[in-house]
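Trainee: please find the sequence and the predicted model below.
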Amino acid sequence: MRRIRPETRWAYVFLLPWLIGLLVFQLGPMVASLVLSFTDFDLIGDPEFVGLGNYARMAQDPKVLRAVGNTVYYTALHVPLSIALALALALMLNRITGRAAGVFRTIFYLPSMTPYVAVGVLFLFLLNGQAGMVNQFLGLFGIEGPQWTTDPDWILPGIVLMSLWNLGSTTIILFAALRNVPRELTEAAMIDGAGRWQRFRSITLPMISSAVFFVVIINTISALQMFDQVYAMFFGNQVAQQSHGDAALFYVVYLFQQAFQFLHMGYASALAWVLFLVILVITLIQVRVGNRLVYYEAEEHAG
């Protein structure tokens, strides 16, 4: 019998709290929710097995379709806009040298440390149609701002605008990738007469494509699970909820309502597992596509 070395045994001991937490607080609830998704359960009575009834109900629930539409709309706008803006900020940071560089990195990252609920409440005031600072700023240019928080046509664009506040993590990841772009490649391109846009397209972007690929996946998953800010802005009280109808209804918000307002735990579990499968499929597609487009320097050298 092979003897386990003392350091290996201690490694297992230190990993044990994490493994227990994984089983009790993650894998255990996931298995329980999968079982509950095939039942009708209201936390009071015993679960009643309904088979695929909850999943069939989703196909006939108009609010599910509305929530999916809002979530897809938000994701389609938020992901490219946030990555483009974060990349622009990262390029700015990459041009700053000296002590000021650390100061600006901190400034750009600080918004990411703000609690999501606080961000939602903050933007509820900033996007106010009458006295919000966003409309006041637009007024300086003679533009009459919309009713961001009450007009159904502008609620989702307002939420996308709010989401651009939290770009710190994406900016820092892209900035770190930019710092690893070989300087000699850029200098060689400059000697050959390549312009700034040519250098960015032919050298910088391919060299940071793995980081861009990573933030695309992370931001997509995050966007599909949008909840905190939207709930704080539009579902914190009954009056606010009635003022916009379902214009701000996101998928996870509807899941939360079914689980903790209406106590439809079985139906909420089915909603959660469908979201899990959708995110899994989208991520797998992104990985397949990304493997064809992303440049990996180590693999290139190995080839």
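Mentor: On my side now, so go ahead. Here the structure is a predicted model, which is why all the values come from computation and not from measurement.
Trainee: number of residues surrounding V278?
Mentor: Counted by other Cβ atoms under 10 Å, the residues lying close to V278 total 14. (C-beta placed from N, C-alpha, C; glycine too.)
Trainee: element containing it, please.
Mentor: Taking DSSP states H and E as the criterion, V278 maps to helix 265-293.
Trainee: which parts of the stretch 1-150 of the chain are helices?
Mentor: Per DSSP state H, counting those that start in this stretch, the stretch 1-150 of the chain has helices spanning 6-22, 28-36, 53-60, 62-95, 99-109, 116-126, 133-139. These are given in chain order.
Trainee: could I get the pLDDT score of F276?
Mentor: As summarised for this prediction, F276 has a pLDDT of 96.
Trainee: ok, it to S37 distance?
Mentor: Distance of F276 to S37, given as Cβ to Cβ, to the nearest Å: 10 Å.
Trainee: the two - which one has more neighbours?
Mentor: When F276 and S37 are compared for neighbours, S37 comes out ahead with 23 against 13, by other Cβ under 10 Å.
Trainee: can you tell me how far that one is from P29?
Mentor: 12 Å.
Trainee: ditto for V79
Mentor: V79 sits at a distance of 28 Å from P29 (criterion: Cβ to Cβ).
Trainee: more neighbours: which of these two?
Mentor: When V79 is set against P29 and neighbours are counted by other Cβ under 10 Å, the residue ahead is V79, at 21 against 12.
Trainee: for the more buried one, which non-adjacent residue is closest in space?
Mentor: Nearest non-adjacent residue to V79, counting by Cβ to Cβ, 6 or more residues apart in numbering: N219, 4.9 Å away.
Trainee: was I right about the one you found contacting T170?
Mentor: Yes - in terms of Cβ atoms under 8 Å, N219 counts as a neighbour of T170; the distance is 6.6 Å.
Trainee: tell me which of those two has more neighbours.
Mentor: Per other Cβ under 10 Å, whichever of N219 and T170 has more neighbours is T170, with 25 against 21.
Trainee: so what's that one up against?
Mentor: Under the criterion of Cβ atoms under 8 Å, 6 or more residues apart in numbering, the neighbours of T170 are 82-83, 86, 215, 218-219.
Trainee: can you dump the C-alpha atoms of stretch 135-154 in PDB for me?
Mentor: Taking C-alpha atoms only, stretch 135-154 is exported to PDB below (Å, rounded to 0.1, in the frame of the first residue of the first chain):
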ATOM      1  CA  ASN A 135     -30.900  64.600 -17.700                       C
ATOM      2  CA  GLN A 136     -29.400  67.800 -16.300                       C
ATOM      3  CA  PHE A 137     -26.200  67.100 -18.100                       C
ATOM      4  CA  LEU A 138     -28.000  66.400 -21.400                       C
ATOM      5  CA  GLY A 139     -29.900  69.700 -20.900                       C
ATOM      6  CA  LEU A 140     -26.600  71.500 -21.100                       C
ATOM      7  CA  PHE A 141     -26.500  70.500 -24.800                       C
ATOM      8  CA  GLY A 142     -30.200  71.300 -25.400                       C
ATOM      9  CA  ILE A 143     -31.200  67.700 -25.200                       C
ATOM     10  CA  GLU A 144     -34.400  66.800 -23.300                       C
ATOM     11  CA  GLY A 145     -33.600  63.600 -21.400                       C
ATOM     12  CA  PRO A 146     -36.100  60.800 -21.300                       C
ATOM     13  CA  GLN A 147     -37.900  59.400 -18.300                       C
ATOM     14  CA  TRP A 148     -35.300  56.700 -17.600                       C
ATOM     15  CA  THR A 149     -37.100  55.000 -14.700                       C
ATOM     16  CA  THR A 150     -40.800  55.200 -15.800                       C
ATOM     17  CA  ASP A 151     -40.900  55.200 -19.600                       C
ATOM     18  CA  PRO A 152     -41.000  51.500 -20.700                       C
ATOM     19  CA  ASP A 153     -39.000  52.300 -23.800                       C
ATOM     20  CA  TRP A 154     -36.100  53.800 -21.900                       C
END
